[in-house]
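Participant: sequence first, predicted coordinates after that:
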Amino acid sequence: MSGGGKQWSGHEPATVFRPLTPRGQSMKKSLFLLTAALLGSPALSGASAQKVTLDLWAHWGSEQRRPTINRIIDTWNKKNPNIQVKYTFVPFDQLPTKTLAAIAAKNPPDVVVIDIRTTPLRAAKNQATDLSKLGADSLANQFYPNLWATATYKGDQYGLPFVTDTRFLYYNKDLFKEVGLNPAKPPTTWDELEAYAKKLDKKTGPVYSRIGFHPLYGSFGLESWVANAGGSMWDQDMINPNFTNPVAVKTLTWIKDWTDRLGARNVQAFKSSFGSGAQDPFISGKLGMIIDIGGYAATLKKYAPNMNYGMVRIPTPTGQPGPGTSSGGGFNLEVPVGTKHPKEAFAFAKWMATEGARIWAQEQNDFPGAKNASLSVTTPAFRLMSANMKYTQVNSAPPYAPSYGTILDKATEDAVYRGADPRQALEEAQAQVQRLVNSNK
């Protein structure tokens, strides 16, 4: 693997997080005391005098990730005979709505693994349990402050950070050699990225058999590219949309021009051929470069163990990194309001956020929110993730328009695939989202 520039020493992530509210006050108990409490305290293993079964909901069901979550739960269950945990797989796109429906029906899961950006929204609507009342504040200094802040609302804690992520440009070194590119010199600017992609493009007759790169393939969308260029789609408080700012318009135009060069129909048809696992477009050689999370390295290890690839920082317009060069997401552990076993659920959530996160990080290469868990992983890919955190931005969901993404996605697709003027598409999207914000204030 190749590194993306100078590596940042240590594991402290300097991820930029734009929260809805200030983070709560941290308290200073030692890591030793936390570990002892989690692993050996009778209060944890015997939190319930009678046997209790907790229901954990999460979205991990693939052959790559399901074994890891099963291993985490099995480890807990063996150590805690009186608090057993049952895992329920819920598809990612259904998890938020099903969780809210279960809360409304007064039959929620006891613990849920859910989008790191949206915990304050559920806290504001009394859908997530106030964990400060269960003692969560004493754990604050065991987690990275910027990740702890993602689950803080009005000074209280409504979730525990599980894992976060950061994104990289992955490139196929053998394909670089094939077309005369130097694998030791990956692209660092947008201009270089497009020049390299053009060399990697390959046609069989009128149809592309390989596309070097496309900005919307992988896990980096318009909003991420705007941040990469130093802009933002929202005002500083994440209240009002700012879709028509010059950086956003220029970025969407850049993506549209890239698509026009390849042909919009070609880009869409090529994407429709993508699969997962061994049929992943980068693994199968359909793409020469792709942007994905650090955990994608675990996917490559599983499905393409002999692949000769590089993993580097995402190119920027100038070649210089900034706080939004990469985008991050991740997941928090929440105890939904209405659980019949809040103390036991919190006990499990504490363990999963620390010892469980350690297991997850070791096997899946995601970055855990707990400091001690992150120190246990020393793979090259994980060290790159650690170094990239200071160039990674994680945005909270806008409080008055949390579902704005569907509107922005349509504007992007209208411009990129359906010929709409980029500025006009963004103007229409901004007007729609602003009306949504105004109606919800």
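Facilitator: Done, it's in.
Participant: drop to CA atoms for contacts and neighbour counts, all remaining ones
Facilitator: Noted.
Participant: with just CA atoms, put stretch 240-248 into PDB.
Facilitator: Provided in PDB are the C-alpha atoms of stretch 240-248 (Å, rounded to 0.1, in the frame of the first residue of the first chain):
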ATOM      1  CA  ASN A 240     -30.000  27.200   6.000                       C
ATOM      2  CA  PRO A 241     -28.900  25.600   2.700                       C
ATOM      3  CA  ASN A 242     -26.300  27.300   0.600                       C
ATOM      4  CA  PHE A 243     -26.400  25.200  -2.500                       C
ATOM      5  CA  THR A 244     -25.800  28.000  -4.900                       C
ATOM      6  CA  ASN A 245     -22.500  29.200  -3.600                       C
ATOM      7  CA  PRO A 246     -19.700  29.500  -6.200                       C
ATOM      8  CA  VAL A 247     -17.700  26.500  -5.000                       C
ATOM      9  CA  ALA A 248     -20.800  24.200  -5.200                       C
END
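Participant: let me know the helix or strand that the residue nearest to residue 360 when sequence neighbours are not counted is in.
Facilitator: Setting aside the residues directly before and after it, residue 360 is nearest to residue 68 in space (Cα to Cα, 6 or more residues apart in numbering), at 6.4 Å. Using DSSP states H and E, residue 68 sits within helix 66-79.
Participant: for that helix, buried residues please.
Facilitator: 68, 69, 72, 73, 76, 77 (16 or more other Cα atoms under 10 Å).
Participant: just stretch 368-380 next, same as before
Facilitator: By 16+ other Cα under 10 Å, the buried positions in stretch 368-380 come out as 368, 369, 370, 371, 372, 373, 374, 377.
Participant: list just the nearest of these to residue 323.
Facilitator: Ranked by distance to residue 323 (Cα to Cα), the buried residues of stretch 368-380 are led by residue 369 at 19.0 Å.
Participant: quick one: contacts for the closest one?
Facilitator: By Cα atoms under 8 Å, 6 or more residues apart in numbering, the contact set of residue 369 is 143, 144, 147, 148, 161, 162, 163, 164, 353, 357.
Participant: coming back round to it: farthest-apart pair in the buried residues of stretch 368-380, please.
Facilitator: Greatest spatial distance in those: 369 and 377, 13.0 Å, computed using Cα to Cα.
Participant: coming back round to it: just how off-centre is the following helix or strand past the helix holding residue 68 within its chain?
Facilitator: Reading on from helix 66-79 to the C-terminus, the next helix or strand found by DSSP H and E is strand 83-89. Its chain's C-alpha centre and that of strand 83-89 lie 24 Å apart, by Cα atoms, centre = their mean, to the nearest Å.
Participant: render the CA-only coordinates of the helix or strand just after strand 83-89 in PDB, please.
Facilitator: Later in the chain than strand 83-89, the nearest helix or strand by DSSP H and E is helix 95-104. C-alpha atoms of helix 95-104 as PDB (Å, rounded to 0.1, in the frame of the first residue of the first chain):
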ATOM      1  CA  LEU A  95     -33.100   1.200  10.200                       C
ATOM      2  CA  PRO A  96     -34.100   4.800  11.200                       C
ATOM      3  CA  THR A  97     -37.700   4.400  10.200                       C
ATOM      4  CA  LYS A  98     -38.200   1.000  11.800                       C
ATOM      5  CA  THR A  99     -36.500   2.200  15.000                       C
ATOM      6  CA  LEU A 100     -38.800   5.200  15.200                       C
ATOM      7  CA  ALA A 101     -41.800   3.100  14.500                       C
ATOM      8  CA  ALA A 102     -40.800   0.700  17.200                       C
ATOM      9  CA  ILE A 103     -40.400   3.500  19.700                       C
ATOM     10  CA  ALA A 104     -43.800   4.900  18.800                       C
END
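Participant: got the buried residues for helix 95-104?
Facilitator: Buried residues in helix 95-104 (16+ other Cα under 10 Å): 95, 96, 98, 99, 100, 102, 103.
Participant: now swap in stretch 132-151 and tell me
Facilitator: The neighbour-count criterion (16+ other Cα under 10 Å) identifies 132, 136-151 as the buried residues of stretch 132-151.
Participant: could you check the angle the helix holding residue 68 makes with strand 83-89?
Facilitator: If you take axes from the mean of the first three to the mean of the last three Cα atoms, to 10 degrees, helix 66-79 sits at 170 degrees to strand 83-89.
Participant: so what touches helix 66-79?
Facilitator: Taking contacts as Cα under 8 Å, 6+ apart, the residues outside helix 66-79 that touch it are 45, 60, 83-87, 352, 356, 359-360, 363-364.
Participant: and what of stretch 275-287?
Facilitator: Here stretch 275-287 has contacts from 172, 209-213, 274, 288-290, 299-300, 303-304, 307, using Cα under 8 Å, 6+ apart.
Participant: determine which two of the residues you listed are furthest apart.
Facilitator: 209 and 299 (22.8 Å).
Participant: looking at those two, which is more packed in?
Facilitator: Between residue 209 and residue 299, counting by other Cα atoms under 10 Å, residue 299 is the more crowded of the two (20 against 14).
Participant: give me the contact list for the helix or strand hosting the more buried one.
Facilitator: Here residue 299, judged by DSSP H and E, is contained in helix 296-303. Identification of contacts with helix 296-303 by Cα under 8 Å, 6+ apart yields 64, 277, 278, 283, 307, 363, 364, 365, 381.
Participant: next SSE after it?
Facilitator: Sequence-wise, the next helix or strand downstream of helix 296-303 (DSSP H and E) is strand 309-312.
Participant: other SSEs contacting that next one?
Facilitator: Contact here means 3 or more Cα pairs under 8 Å, 6 or more residues apart in numbering; DSSP states H and E; on that basis strand 309-312 packs against strand 167-172, helix 173-178.
Participant: make CSV out of the ones you listed and add distance to residue 190, mean neighbour count and mean pLDDT.
Facilitator: Output for the helices and strands packed on strand 309-312, formatted as CSV (distance: least, Cα to Cα, whole Å; neighbours: other Cα atoms under 10 Å; pLDDT from 0 to 100):
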stretch, distance to residue 190, mean neighbour count, mean pLDDT
strand 167-172, 12, 25, 99
helix 173-178, 17, 17, 99
